[in-house]
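**Q** Sharing a model prediction with you, sequence too.
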Amino acid sequence: MKSILATLLILIFSGLAATAQNNENLPPEGECLTNKCKITSFVPIELGFTNISVGSATTMCLSQLLLVRASASPEYTPGTNVSVWEWFPESTNCPPTRYTNTLHPLMLDSGWTVSHQGYSGSGSGLYVEFLPTNCGTGTVSFFYTWTIWDHCINEPSEDHITTEYLTTNFVVHNVEIAEPYKIAFTNEEVAFTLTNTCGEVFWEALPSEPGGPQVSGSSIVTGTNCGTWFVRALNVAETNCMDSSQLHVICPEWITGVTNVDSAPGKILFVNKGDKDFDGIPNYGDYESTNYSGFGSVVPISLHIPSFPGRENAHVRFTYPAAPPGGTNINGKFRLWKHFGMDVRNPQPVPDGDYFATGKSYSMEELGVTYWGHAQVGFLVEALQPSTSSGDIELVLEIDVDGNEGPEGFKRA
C-alpha cells in the first residue's frame, strides 16, 4: 500500500507543475512585487468510492474461507480554480495576474473498520485482510480524507479538507454437523446436531432409494433397509455451504434353528424338565453332565451383529422373564446361556459364568465379539415353564451403540 500511495503523490505534484502556471498576463520582470493572492473562481473536485469488494462475493461460507480481502478504490474528476495575484506598486505595468490551476486530491489519511461476530478491527489504508471465526453478518467501512493545493500559499489547503466514507455489508454462512456419524435401527427417527451454524438449512439423505432413510423436517427417519447413507445439511441461501455426516442403519437379528409354526406368533420351545441323564438331578438344575444331551432341552440360537463404527464400545442388554440358576424354586420362564462346552455349564452370570442375566449390560467382549466385521454370537435357550397364552414370552435385545459412557443409551433392536 505504501508504494501505491507514494506513486499517487508523485503524480499529483507532477501534474501541478505542468498545469498550475497557465498565466494570462505575466507582469514585466523586476518592476512588480507580489502583494496579495486570492482565488476568484473554483470548480470543486468530484471524488467518491466507485468500487468496493469483499472477497469474491459478499456472501461466503466459513468452512471454505482461507482469508477475506476487502479493498476500496476512490475515483475523482479533477477540479479547477483561478488564482489572482495583485501586484505592488499598482501601475499600468503591474496589472493583476491570473493563473488557471488544475486541482487533484491530496490524500491526508485513509483507513478501514471491520465489524463482525467474533472479529473487529481497524487500520490504515484502503485494503484489509481478515479471517472470520464465526458466521453471521458484518460490515467493512473505508474512509478517505483529502484536500487540495492552495496556490496562493503554495501549501495544502486547510479550508478544503474532506472525508469520504463507503460501507458495505457481507454475510458469512456456515453449516457444521456435530456428529461425524450416527447409528440407528430401522424405522427410527434420528436427529443430527448443528453447531456454529447460521441461516436456515435443509437436509438430504443420499443415496435416495425405496426403503432407505427419508427426510422429515429437521430429522431423518430410517426405513426398512440396512446400510450406510450420507446425510447432508445445506444452507438455504448458499447451497455450496454444507456439511455431511454418515448414518449407519444396523439390523441385529436372531437366527434360530427352532421350528417356526406358521400359526404361532413366534418360536416354539419345549420345557426342559425330567432327568435325561438319570443322575437324579433335574435337567434345569444339572450343570455338569456326562454328555451334552444330559442338560435336556436346550436350543441353540445365534445373534447377528453387523459391523458399525465404534462397535467395540457398544453394550447389549437382554430383557426376559428369567429364572436365575440355583435351587428348585423356578419363578421365571427361561434362561439364556452362552454356547458352553459339551460337559459343563457354569451357573454364575457372565463374565464369571455362562448365564446371561436379564436387565444387565454386557460389553462386546463379554458377549464374545472380539474382532471387526459382522459377528454372529451363539447362545442356548432353556425353557423352564410353559406359556399361559400364545406368544406371551419375549426375549428383548437392546443395544447401546456408544457404550455405557456415551449419550445414546439403550435402544430396542
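**A** Received the coordinates, thanks. Residues are numbered from 1 along each chain as shown.

**Q** which residues are in contact with stretch 120-130?
**A** Stretch 120-130 is contacted from outside by 1, 67-74, 109-114, 116, 119, 140, 142, 144, using C-beta atoms under 8 Å, 6 or more residues apart in numbering. C-beta coordinates here come from the backbone N, C-alpha and C atoms, glycine included.

**Q** can you do 6 Å?
**A** For stretch 120-130, contacts defined as C-beta atoms under 6 Å, 6 or more residues apart in numbering pick out 1, 67-72, 110-114, 142.

**Q** and that stretch, how far out from the chain's middle?
**A** 28 Å (C-alpha atoms, centre = their mean, to the nearest Å).

**Q** Now do the buried residues in that stretch.
**A** Gly125, Leu126, Val128, Phe130 (16 or more other C-beta atoms under 10 Å).

**Q** again with stretch 383-395
**A** Ala383, Leu384, Gln385, Ile393, Leu395.

**Q** same check, this time on stretch 303-312
**A** Leu303, Ile305, Pro306, Phe308, Arg311.

**Q** and the last one, how far is that from Gly223?
**A** When C-beta to C-beta, to the nearest Å is applied, the distance between Arg311 and Gly223 equals 22 Å.

**Q** picking up where we left off before, which among the contacts of stretch 120-130 gets closest to Ile281?
**A** Set against Ile281, the nearest of these by C-beta to C-beta is Leu67 (80.2 Å).

**Q** how about the buried residues of stretch 303-312 in a markdown table, adding secondary structure and pLDDT?
**A** Compiled in a markdown table, those are given as follows (DSSP: H, G, I helix; E, B strand; the rest coil; pLDDT from 0 to 100):
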| residue | secondary structure | pLDDT |
| --- | --- | --- |
| Leu303 | strand | 87 |
| Ile305 | strand | 85 |
| Pro306 | coil | 86 |
| Phe308 | coil | 86 |
| Arg311 | helix | 86 |
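
**Q** Out of those residues, the closest to Trp254 would be?
**A** Leu303 (5.9 Å).

**Q** OK, contacts around Trp229?
**A** Contacts for Trp229 (C-beta under 6 Å, 6+ apart) come out as Ala205, Pro213, Leu247.

**Q** cool, Pro44 as well?
**A** Gly79.

**Q** again with the one 3 residues further on
**A** With contacts defined as C-beta under 6 Å, 6+ apart, the neighbours of Leu47 are Pro74, Tyr76, Pro105.

**Q** So it lies in a strand, does it not?
**A** Yes. Read with DSSP: H, G, I helix; E, B strand; the rest coil, Leu47 is one of the residues of a strand.

**Q** Mind telling me what element the closest residue to it other than its chain neighbours is part of?
**A** In this structure, Leu47 finds its nearest non-sequential neighbour in Tyr76, 3.7 Å apart by C-beta to C-beta, 6 or more residues apart in numbering. Using DSSP states H and E, Tyr76 sits in strand 68-77.

**Q** got a list of contacts for stretch 101-111?
**A** 12, 15, 19-20, 45, 47, 76, 78-81, 124-126, 143-148, 151, 156.

**Q** typo on my end, it should be stretch 349-368
**A** Residues contacting stretch 349-368 (C-beta under 6 Å, 6+ apart): 312, 314-320, 322, 325, 336-338, 340, 345-347, 377.

**Q** In helices only, show me those.
**A** Using DSSP state H, the subset of those located in helices is empty.

**Q** Which of these are buried, as a ChimeraX select command?
**A** In ChimeraX syntax, the buried subset of those is picked out as below (16+ other C-beta under 10 Å):
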select :314,315,316,317,318,320,322,325,336,337,338,340,345,346,377
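
**Q** for this protein, what spans make up the helices?
**A** Using DSSP H, helices in the chain cover 2-19, 364-367.

**Q** For the last one, list the C-alpha coordinates in CSV.
**A** Looking back up the chat, that one is helix 364-367. In CSV, the C-alpha atoms belonging to helix 364-367 read as follows (Å, rounded to 0.1, in the frame of the first residue of the first chain):
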residue,chain,number,x,y,z
MET,A,364,-18.9,-56.8,23.2
GLU,A,365,-16.0,-58.7,24.7
GLU,A,366,-18.3,-60.3,27.3
LEU,A,367,-20.7,-61.2,24.6
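
**Q** now for the buried residues of stretch 120-130, which pair is the farthest apart?
**A** The farthest-apart pair in these, when distances are taken by C-beta to C-beta, is Leu126 and Phe130, at 14.4 Å.

**Q** So the residue nearest to Leu47 sits against Tyr144, correct?
**A** No. With contact defined as C-beta atoms under 6 Å, Tyr76 does not count as touching Tyr144 (9.9 Å).

**Q** Please identify which of these two sits among more neighbours.
**A** Each of Tyr76 and Tyr144 has its neighbours counted (other C-beta atoms under 10 Å); Tyr144 has more, 23 against 16.

**Q** and the more buried one, what are its bridge partners?
**A** Ser110, Glu164 (DSSP bridges).

**Q** center of this structure - which residue?
**A** For the chain, Glu176 is the residue whose C-alpha lies nearest the centre (C-alpha atoms, centre = their mean; 1.1 Å).

**Q** Tell me which residues touch that residue, please.
**A** Counting by C-beta under 6 Å, 6+ apart, Glu176 has contacts Thr195, Asn196, Thr197, Asp243.

**Q** which one is the third one nearest to, not counting chain neighbours?
**A** For Thr197, the nearest residue in space outside its immediate sequence neighbours is Val175; the separation is 5.2 Å by C-beta to C-beta, 6+ apart.

**Q** what's the closest of the buried residues of stretch 303-312 to Asp279?
**A** Nearest to Asp279 among those is Leu303, at 31.4 Å by C-beta to C-beta.

**Q** related to what we said a few turns ago, which of the contacts of Trp229 sits closest to Asn187?
**A** Using C-beta to C-beta, those come closest to Asn187 at Pro213, 10.3 Å.

**Q** Distance to Phe185 added to the buried residues of stretch 303-312, as CSV?
**A** As requested, those are exported to CSV (distance: C-beta to C-beta, whole Å):
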residue, distance to Phe185
Leu303, 14
Ile305, 12
Pro306, 11
Phe308, 11
Arg311, 14
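
**Q** Most widely separated two among those residues?
**A** Leu303 and Phe308 (14.6 Å).

**Q** thinking again about what came up before, how close does the residue nearest to the centre of the chain sit to Ile153?
**A** Taken as C-beta to C-beta, the span from Glu176 to Ile153 is 61 Å.

**Q** Over to Asn346?
**A** 109 Å.

**Q** Pass me the low-pLDDT residue ranges in the stretch 151-300 of the chain, would you?
**A** Where the stretch 151-300 of the chain drops to pLDDT under 70, the residues are 255-266, 289-296.
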